[in-house]
Every structure is written in C-alpha cells, then in structure tokens.
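Trainee: Test case, fold it:
(one chain, ligands or ions: 1)
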Amino acid sequence: GFKCGIVGLPNVGKSTLFNALTETAAAQAANYPFCTIEPNVGEVAVPDPRLDKLAAIAKSGQIIPTRLTFVDIAGLVRGASKGEGLGNQFLANIREVDAIAHVVRCFEDSDITHVEGKIAPLADIETIETELMLADLDSLEKRVDNLTKKAKGNDKDAKEQLDLVNRTLVLLREGKPARLVERKAEEERAFGMLGLLSSKPVLYVCNVEEGSAATGNAFSKAVQDQAAKEGAVAVVISAKIESEIATISREERADFLETLGLEEAGLDRLIRAGYQLLDLITYFTVGPKEARAWTIHRGTKAPAAAGVIHTDFEKGFIRAETIAFEDYVALGGEAGARDAGKLRLEGKEYVVADGDVMHFRFNT
Ligand code: GDP
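Mentor: Numbers count the residues shown, from 1 in each chain. Modelled structure (predicted):
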C-alpha cells in the first residue's frame, strides 16, 4: 500500500493528529475489514462518496473503501541529520514513506512549549527541511567518489548517475530540496533509487487553534502562501477538534461540524490531499457481494491494476470489462451500461482512468 509519513518538530500536534486518524479508523473497524493498527502505523479509509453510490445501485452487501497508511514519525529535532534525538532511526523511517505530511504548529498556547521558543511556522518548516537536506547531502557526497571511479572506467550507467547526483548536490548546497531537481523521465528510476528524503512530495498540515479551524489564521496563511509558491499543498486542520470528532458517532458528526462552520472533517481533507499528493487514483469492483475501491498510481495499465487485487489477475490477464463511473450511475448499473454499449472490453495497454468500474477476465 501507499504510505504517508507524519513529521514535524516536537509539540506541534503530530501524535494528537495521528491518534485522531487511527481512532477514527478504529471506530470504523467494525464496518471495514483489514484494518490493522500498530502503535505508530495506522490504515485509514479513503472517503469516497462514489463508492456508496455504486454500492447502492448494485445492492452490494458490503462496502470496502480503499486505504492509505499513515506513519507517525516522531523524534525529528534540530541536528537529527547529525544523530541528535532519534537521528538515524528517524531518517530511516522517512526513507520508507511515499510522501510526507509535515505538521506545522500554527496555534498559540503558552502551556505548551515550543521547542524553538516561539510560534514561527516558516522557520519551523525550514528547520525540518534543512535536516532532510543535510542528510541527503551526506548520503550523496558519500557516493560521489565511487561513482567518479566507475565513470572513468567508462561505465555508462555510472556516468549518468554521477551527472544526476552532481546536479542534485548543486541544488542541495543552495538549500533547495532534491524534489526540485530538473530531470528527464528516463532518469526518474535512478533518482528514486537514490532514496533522498527531500525528494518526497510534501503536504503541509497547519495545526491551528479550534477557533480558526474553518478560517485558518495568520500563521497558516503564511504557510499556504509559501506552499503556493512551491507548487506544494497546505491543509488547515485543528488536531484538537479532530481528536474530538474521532470520539463521536457518525450521526453526531455532521451536527458537530456544522456548529464549527466546517463542511467536512479535517482528516477527510487530509486523507484526500495525501491521495492527490501521491498522484493516486481509484478504480472500483462492484457486485452483489461487495463494492470495493482500489488504489493505483495514475497511468497504471489494466494488468498491473488487476495485480493490486491478486497477482494471478495480472499474470493471467486477458481483458478488463470497463464501465466509466458516470456511465455506471447514469445507466443504473452494469446491465444498463452493457445494453447502452458503454461496457468496454479493454486490453493490456489500457490505462485505467479514475472511477473506472472494472471486471477482470483472466486465465488461471
Ligand atoms: P507532537 O510532539 O508533535 O506529537 O505533539 P502532541 O500531539 O503530543 O501535542 C503536544 C501538545 O500540544 C499536547 O499537549 C496537545 O494536547 C497539544 N496540542 C495539540 N494540538 C493542539 C491544538 O490544536 N491546540 C492546542 N491548544 N493544543 C494542542
């Protein structure tokens, strides 16, 4: 599955947020199977109203949303790249995630110490990003000698890698994250193999006080402006409110949100933003037994998409009966779509679209 790591300085609200995420997931666990929760790893359902619509049409017995994994990565402090705090352990945890949700303290509370002494979200972001970049600098500098030797020996791959590494080093030395390195599509794999922390896509989570959950505040505004400049995404959330929402029933939730002037829970927005950040899309399998959502990367072809369900589906892939979500709904389900000629038979080269309702045919 896809993993999003929650990072941030101490006392910014990471654990509060993570616990809210997993408590919500636990509260839903009765309805949703496969909900495994470890101390710092939680799987959350990705909210998707389309799935409920499909299930209603097909009268599915069960609804199974797709999931995203969140990992609470505590222990990042100034100096982590030099081994301070949990240091290396922390960095190793980040290496394993696909994207980073960076929680930034945007609430004032004199009872809760700020590690840097004052509320300054942009400075906090810089502190964290600097640690990631320093760790990357370190790991790349260690590779240069070896790559240079190989490149002299006319190793073509090594030459290309060295070029990529050097370009990345230039950027890191200017204090810019590795994700901004300009690279060709064919370099993407090699770039991924470098395992750079500052290459991961980042989502800023502005943790504001309860009163600002709907509107944001001056601190979160500053973060959003910065995110817009970087082409990044920022979400405003109140971790306190989310932890309250996590403890009330679904029925009470709508009223509670309305009182606060919120359209939906911040966690739902966060989960969806994480989904977008990872450039993920959803396809569906729908039948009387269950309606289920599956997650794939945008651009995935039908056999690989089938492989998410079972490797046999990919190995023995023949074709995929495919109905666009809109057609499925407008034509009242599979039979209607088939009659209207909207059920397509797609082959191995078909690139799955977001919302496709699919039925795979395969050899065993
Ligand atoms: P972490 O160190 O980043 O994991 O931070 P925690 O989630 O443990 O939060 C640190 C302290 O800040 C706790 O006492 C939380 O109750 C408190 N806290 C978290 N979010 C908020 C918030 O939105 N407003 C206020 N006033 N306190 C918060």
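
Trainee: Can you report how many residues lie near the nearest residue to Ala158 once chain neighbours are set aside?
Mentor: Here the nearest residue to Ala158 in space, its sequence neighbours aside, is Lys150; by Cβ to Cβ, 6 or more residues apart in numbering that works out to 3.5 Å. In this view, the C-beta of every residue, glycine as well, is placed from N, C-alpha and C. Neighbour count of Lys150, defined by other Cβ atoms under 10 Å: 16.

Trainee: Excluding sequence neighbours, find me the nearest residue to the residue nearest the centre of the chain.
Mentor: Note on the chain: the residue nearest the mean C-alpha position is Gly274, at 3.4 Å, using Cα atoms, centre = their mean. Nearest in space to Gly274, with sequence neighbours left out and distances taken as Cβ to Cβ, 6+ apart, is Cys4 at 4.7 Å.

Trainee: CA atoms only for the helix or strand hosting the one you found, dumped as CSV, please.
Mentor: Element membership for Cys4 (DSSP states H and E) is strand 3-7. Coordinates of each C-alpha in strand 3-7 appear next as CSV, following Å, rounded to 0.1, in the frame of the first residue of the first chain:
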residue,chain,number,x,y,z
LYS,A,3,2.4,5.3,2.9
CYS,A,4,2.4,8.8,4.2
GLY,A,5,4.8,9.8,7.0
ILE,A,6,3.7,12.4,9.6
VAL,A,7,6.7,14.5,10.5
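
Trainee: A strand includes the residue nearest to Ala158, no?
Mentor: No. Assessed with DSSP: H, G, I helix; E, B strand; the rest coil, Lys150 is helix; it does not lie in a strand.

Trainee: my guess is it meets Lys156, correct?
Mentor: No. Using Cβ atoms under 8 Å, Lys150 makes no contact with Lys156, being 9.8 Å away.

Trainee: hmm, back to that, going on from the strand holding Cys4, what's the next piece of helix or strand?
Mentor: Strand 3-7 is succeeded, C-terminally, by helix 14-27 (DSSP H and E).

Trainee: chain center to that next one: distance?
Mentor: With Cα atoms, centre = their mean, to the nearest Å as the basis, helix 14-27 stands 16 Å off its chain's centre.

Trainee: Next, the buried residues of that helix.
Mentor: Across helix 14-27, burial judged by 16 or more other Cβ atoms under 10 Å covers Lys14, Ser15, Thr16, Leu17, Phe18, Asn19, Ala20, Leu21, Thr22, Glu23, Thr24, Ala25.

Trainee: Enumerate every residue touching the second one.
Mentor: Under the criterion of Cβ atoms under 8 Å, 6 or more residues apart in numbering, the contact partners of Ser15 comprise Asp72, Ala74.

Trainee: do you know how far it is from Trp294?
Mentor: 30 Å (Cβ to Cβ, to the nearest Å).

Trainee: sorry, back to before: what's the strand holding Cys4 packed up against?
Mentor: In terms of contacts (3 or more Cβ pairs under 8 Å, 6 or more residues apart in numbering; DSSP states H and E), strand 3-7 is packed against helix 14-27, strand 67-72, helix 87-95, strand 99-105.

Trainee: Would you reformat the ones you listed as TSV and include distance to the ligand and mean pLDDT?
Mentor: Below are those laid out as TSV (distance: least, Cβ to the nearest ligand atom, whole Å; pLDDT from 0 to 100):
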stretch	distance to the ligand	mean pLDDT
helix 14-27	3	81
strand 67-72	7	88
helix 87-95	13	77
strand 99-105	6	94
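
Trainee: I am finished for the moment; much appreciated.
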